Each structure stands twice: as structure tokens, then as C-alpha cells.
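1. Whatever this is, show me its structure:
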Amino acid sequence: MKIEQIIKVIEQKYPKVNGWKDDFLGLQIEGKKEIKNVLLTLDFTNDFLQEIKDYKIDLIISHHPLFFGSKEDLIKKDSILKQKHQLLLQQKTNFYVIHTNIDFNLGSIPYYQAKILDCKNLKLIDNKQAISCELENEIAFNDFVKIVRNKLNLLHDPFKTNLFNKKEMIKKIIIASGAAGDLIERVNKKDALYIIGEMKHHHWLYGSDHDLKILEIGHQSEKIFVDIIEDFLLKNFAKDLSIFKIYENKYKNC
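-> Numbering: from 1, shown residues only. Modelled structure (predicted):
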């Protein structure tokens, strides 16, 4: 399968124009023209350099970019990034990024998270950057957190919240992935629980000042990206590609 054919199909589903204007999307490193083995991942870390060699990976599809900025400038500053870059060039491995262009549609990471959590009445809000939905029945916050951990496979990831009444009943949900703390200032709803990947300190202050309920579940919650893209590739290239997956970085939270 030609790399151009794969990219064409991907960008019909996830056009780069749908991502943030200043995002770093698409083919960041160009390698082999003929693709057989594809590796799907959330991030490209040193933890799986050997897999690239062992499985003769022709194409890496990552959610997060390898280069957040000028490739040349970043390689000069970061010796480890330079080593990764050199390895991919040596192996002739293509590196392709699907980032914010998967986030703003009914098929986004928050959409699939809402479906897994059995939410109803899913709606795109905030210029398609988040999903608003409802649980079938009210549930105590503490019990709902356990459901989030189990269903999103985040059993060992650190969560943060400003909701100290663990028995407060939850029904309305707003979900946004990644560093989406600005959302709470634009969508100021006191009757919903915000589930967000990452929050900055001033967003926590805003949330507390405005009595907003927030649950931060970390960037690793985006690892569902791997399954989304696997399903998409299997529907389109099942006979042509071998697909390998790495779900998360090999670090442990204290």
C-alpha cells in the first residue's frame, strides 16, 4: 500500500483544515513509499525504539506531534529528539500526526469517551471542541469516578477534582480532551461535571470561584485514539496493512 493512498484516505476522514491553525499535523517525517507495518501510538517515546526495528515499522501514526515547532530548531536543542529523528530516517519510517483534526467532530476522542461512559444526548458544543451529554440516571460523584477509571482504563492514573462532596449527584457531563481548560470559561455551566484531560492552575481558580465541578483525568485518557484509528484503518485497509499498537508511555505515577 502506497503512503500517498493511506494519507489520502486519512485526510478525507480527518482533514488537516479541521485542526487548529497553528497545530503541527500530517507527515512530519517522510520514509518508505510502500507501507505494510503500521504502529499506532499516543506519543513517540524512547520506550519503544526497539519495536520500530523488531517489527520493521514503515509508518507511525501518532496523536501527539514529534515536532511542536520548527524541526531544525528543535533538533538542535534536544539531543534525544535528534536521536529519534535519526532512527526514523535510518529505518525509513514515516511519522504521521493526527492531533486536533480528530478533536472537533462527532467521532472525536471526547465523543468516544462519552459513548464508553454510556452517555445519552451527545451534542457538539464550544465550536465543536467538546461534547455535552447526560447519564441515563443520576449517580454519586464518587461512584462515577470509579466508572470513569474502569471504563476508560485509567485505573492507575492520577485524577484531580475540586468537588469535595463525593456524594454529590452527577447527571450532566461536558467532556473535552487534552489541555482544554479554557473551555470552562467559555461554557460556564454550574449543573454539569467537566471531564478534561489537563487543567492549568488559573483554570482551577476560575472553576472554584464560579462553583464549577471539574474532574481532570490526564493526557493518558487520550489513549483511546489508538483504538479509534485502528478501527478506521481496519475498515479501509484490513487486507493491506499489519497494525501494531502501543497504548501508553512506560512511566508510573507515584
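2. Please make it C-alpha for all contacts and neighbour counts, starting now.
-> Noted.
3. Surely residue 214 is within a strand?
-> Yes. Under DSSP: H, G, I helix; E, B strand; the rest coil, residue 214 sits within a strand.
4. Please report how far it lies from residue 188.
-> Taking CA to CA, to the nearest Å as the measure, residue 214 falls 12 Å from residue 188.
5. Neighbour count: the two, which is higher?
-> Legend: neighbour count by other CA atoms under 10 Å for residue 214 and residue 188, higher for residue 214 (24 against 13).
6. Any idea how many residues pack against the nearest residue to that one once chain neighbours are set aside?
-> Nearest non-adjacent residue to residue 214, counting by CA to CA, 6 or more residues apart in numbering: residue 194, 4.7 Å away. By the criterion of other CA under 10 Å, residue 194 has 27 neighbours.
7. Same question for residue 223.
-> If we define neighbours as other CA under 10 Å, then residue 223 has 22 of them.
8. need the contact list for the residue nearest to residue 214.
-> 173, 174, 175, 176, 184, 212, 213, 214, 215 (CA atoms under 8 Å, 6 or more residues apart in numbering).
9. Confirm that the first one sits in a strand.
-> So the one you mean is residue 173. Yes. Residue 173 sits within a strand when classified using three-state DSSP.
10. tell me the mean pLDDT for stretch 192-203?
-> Averaging pLDDT along stretch 192-203 yields 96.
11. scratch that, stretch 103-117
-> For stretch 103-117, the per-residue pLDDT averages 91.
12. Buried residues, that stretch. List them.
-> Buried residues in stretch 103-117, counted by 16 or more other CA atoms under 10 Å: 103, 104, 105, 106, 108, 109, 110, 111, 112, 113, 114, 117.
13. for stretch 29-40, same thing?
-> Buried residues in stretch 29-40 (16+ other CA under 10 Å): 29, 31, 32, 33, 35, 36, 37, 38, 39, 40.
14. residues touching the last one, list them.
-> I take that to be residue 40. By CA under 8 Å, 6+ apart, the contact list for residue 40 reads 60, 61, 62, 226, 229, 230, 243, 244, 245, 246.
15. cool, and the fourth one?
-> Each residue near residue 33 by CA under 8 Å, 6+ apart is listed here: 2, 3, 4.
16. And those, which of them are buried?
-> By 16+ other CA under 10 Å, these give residue 3 as buried.
17. could the contacts of residue 33 go into JSON lines alongside pLDDT?
-> Listed next are the contacts of residue 33 as JSON lines, based on pLDDT from 0 to 100:
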{"residue": "2", "pLDDT": "97"}
{"residue": "3", "pLDDT": "97"}
{"residue": "4", "pLDDT": "97"}
